[in-house]
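1. Quick one, what's the 3D model for this:
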Amino acid sequence: MLHDPLLPKGTLTTLDIASAALANNMLGDPTTRAVVVYVPHGHDGAGLPLLVDLVGYTGSGFSHVNWKNFGENVPQRLDRLIAGGDMPPAIVAFPDCFTRLGGNQYINSAAMGNWEDFLVDDMLPALESSFGCGGKGRRGVFGKSSGGYGAIVHAMRRADIWDAAACHSGDMGFELVYLNDMPATLRRLAKKDMSIERFLADLEADPKPDDKDIHALMALAMAATYDPDPGAIRGIRLPVDMHTCEVIDERWAKWLDWDPVLLADRAEVIANLKSLKALWIECGTEDQYNLVYGARRLHAKLVAAGVAHRYEEFPDTHSSIDYRMDKTLPFLAKALSE
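-> Down below sits the predicted model:
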């Protein structure tokens with residue numbers, strides 16, 4: 001959909017937030033993070049609901065506010081939805097959570113940094129004090145892919161903070177998503193004598209990284225997120241044997257502890273989800289990372305547990321699905337405005 005330049009435009013402000021939560025990350029990533037904040041036309045933010053956009057792997061909050069060819073960036077989408085009466089006014093924050101390993105799952109990790117704490121303890125108070133928005137009962141989180149994972153896990157763990165969530169094609173059903181990547185990851189590491197340190201150094205020095213190396217980097221980022229090893233380079237240890245690719249059960253169990261499908265077996269998680277004002281879960285039927293199967297499993301468990309939620313599948317892949325926000329952004333904003 002082409003952007004209409006005549007629509008009333010919201011304003012964008014960037015806050016730099018110094019984070020104690022990220023101070024001890026093993027990646028050497030900066031601990032002061034930028035957050036771009038959208039304020040709707042005609043508002044200063046006071047009294048409005050707050051939505052937080054968590055982007056997918058290799059993305060940043062900056063990705064969603066940049067100019068976009070043949071379409072809208074997210075602020076332009078918000079301008080249209082709000083001006084057309086499809087969505088109540090809301091503040092939307094776009095945090096830069098990019099890491100040296102290319103992405104983020106938005107949970108605490110000894111290697112990656114305490115990203116859950118950054119969002120909850122550092123970012124939210126700064127935003128709410130600066131703009132007078134949000135507050136208990138008026139906070140929502142949404143995202144796609146790794147951001148969708150972050151959204152659903154924050155809803156599961158931190159319903160004391162978040163009141164609504166939307167998960168677009170979020171990581172879940174880990175054995176179908178991550179284990180399939182391990183053979184290809186080992187093949188890329190084999191080109192560097194199985195040295196993760198050399199692989200990372202060469203990739204960072206490469207002026208044009210290979211897509212296969214970026215995909216291998218994603219597997220390393222997941223390892224540093226779900227099962228960090230403080231004694232390893234950048235905290236990375238894979239959950240498979242580096243020679244045979246056999247699963248190491250005790251390490252893989254650490255990953256599974258973070259799978260939303262399995263988290264939904266916990267009573268406290270179900271209680272948290274039941275307390276939300278609104279919950280949306282969706283995935284494309286042609287998702288190339290097999291995420292639809294995990295989404296179906298989670299949906300079935302939530303139905304059985306009596307968790308109110310909206311579940312949708314749509315005929316598309318994992319890629320270029322920002323248009324789905326036309327459904328989820330109004331859904332969240334309306335729930336948080338009541």
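2. So residue 171 is in contact with residue 149, correct?
-> Yes. Using C-beta atoms under 8 Å, residue 171 is in contact with residue 149, at 4.0 Å. For the C-beta atoms, the positions are set from N, CA and C on the backbone; glycine is no exception.
3. Please enumerate the shared neighbours of those two.
-> Any residue near both residue 171 and residue 149 by C-beta atoms under 8 Å, 6 or more residues apart in numbering counts here, and that gives 105, 260.
4. With neighbour numbers in mind, choose between those two.
-> Comparing residue 171 with residue 149 by other C-beta atoms under 10 Å, the one with more neighbours is residue 149, at 29 against 26.
5. Double-check that the more buried one belongs to a helix.
-> Yes. According to DSSP: H, G, I helix; E, B strand; the rest coil, residue 149 belongs to a helix.
6. quick check: domain ranges of this structure?
-> 11-171+259-337, 176-256 (automatic domain parsing).
7. Could you dump those into CSV with distance to residue 4 and mean pLDDT added?
-> What follows is the domains of the chain, written out as CSV (distance: least, C-beta to C-beta, whole Å; pLDDT from 0 to 100):
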stretch, distance to residue 4, mean pLDDT
domain 11-171+259-337, 7, 98
domain 176-256, 35, 97
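8. just the ones you listed: most buried one?
-> Highest mean neighbour count among those (mean count of other C-beta atoms under 10 Å): domain 11-171+259-337, with a mean of 20.
9. any idea which element residue 202 lies in?
-> Element membership for residue 202, per DSSP states H and E: helix 196-205.
10. Show me what that helix is packed against.
-> Using 3 or more C-beta pairs under 8 Å, 6 or more residues apart in numbering; DSSP states H and E as the contact test, the elements touching helix 196-205 are helix 182-190, helix 211-226.
11. Would you mind giving the domains of the chain as CSV with distance to residue 2 added?
-> Formatted as CSV, those follow (distance: least, C-beta to C-beta, whole Å):
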stretch, distance to residue 2
domain 11-171+259-337, 7
domain 176-256, 29
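12. what's the distance between residue 251 and residue 177?
-> Using C-beta to C-beta, to the nearest Å, residue 251 is found at 16 Å from residue 177.
13. now residue 43
-> According to C-beta to C-beta, residue 43 stands 39 Å off from residue 177.
14. quick one: the helix or strand containing residue 300 to chain centroid distance?
-> Assigned by DSSP H and E, residue 300 belongs to helix 291-305. Mean C-alpha position of helix 291-305 versus that of the full chain (C-alpha atoms, centre = their mean, to the nearest Å) differs by 19 Å.
15. name the helices or strands packed onto the next helix or strand after it?
-> Following helix 291-305 in sequence order, the next helix or strand is strand 310-314 (DSSP H and E). Secondary-structure packing of strand 310-314 (3+ C-beta pairs under 8 Å, 6+ apart): strand 278-284, helix 291-305.
16. okay if I get the ones you listed as TSV plus distance to residue 153?
-> Below are these laid out as TSV (distance: least, C-beta to C-beta, whole Å):
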stretch	distance to residue 153
strand 278-284	12
helix 291-305	11
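17. right, and these - which one's nearest residue 234?
-> helix 291-305 (26.0 Å; C-beta to C-beta).
18. what's that closest one in contact with?
-> The contact list for helix 291-305, computed with C-beta under 8 Å, 6+ apart, reads 152, 169-174, 176-177, 259-261, 264-265, 270, 273-274, 281-285, 309, 311, 313, 318.
19. Now with 6 Å, please.
-> For helix 291-305, the surrounding residues in contact (C-beta atoms under 6 Å, 6 or more residues apart in numbering) are 169, 172-173, 176, 260-261, 264, 270, 283, 285, 309, 311.
20. how close does the residue positioned nearest the centre of the chain get to residue 106?
-> Geometric centre of the chain, nearest residue: residue 147, 1.4 Å, by C-alpha atoms, centre = their mean. Counting by C-beta to C-beta, the separation of residue 147 from residue 106 is 7 Å.
21. Need the residues touching each of those two.
-> residue 54.
22. How far does stretch 158-167 stretch from one end to the other?
-> 15 Å (C-alpha to C-alpha, to the nearest Å).
23. Dump the C-alpha coordinates for stretch 284-291 into CSV.
-> C-alpha atoms of stretch 284-291 as CSV (Å, rounded to 0.1, in the frame of the first residue of the first chain):
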residue,chain,number,x,y,z
GLY,A,284,1.5,-17.8,7.8
THR,A,285,0.6,-21.2,6.5
GLU,A,286,3.6,-21.2,4.2
ASP,A,287,6.1,-20.1,6.8
GLN,A,288,9.5,-21.3,5.6
TYR,A,289,10.8,-21.8,9.2
ASN,A,290,8.0,-24.2,10.1
LEU,A,291,6.7,-21.8,12.7
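24. Who does residue 312 form a beta bridge with?
-> Beta-bridge pairing of residue 312 under DSSP bridges involves residue 282.
25. Are we agreed that residue 6 is in a strand?
-> No. Read with three-state DSSP, residue 6 is coil and lies in no strand.
26. Sketch out the strands for the stretch 51-200 of the chain, chain order is fine.
-> Using DSSP state E, counting those that start in this stretch, the strands of the stretch 51-200 of the chain run over 91-95, 108-109, 113-114, 139-144, 164-168.
27. chain center to the second one, what's the gap?
-> So that's strand 108-109. So, by C-alpha atoms, centre = their mean, the centroid of strand 108-109 is 14 Å from its chain's centroid.
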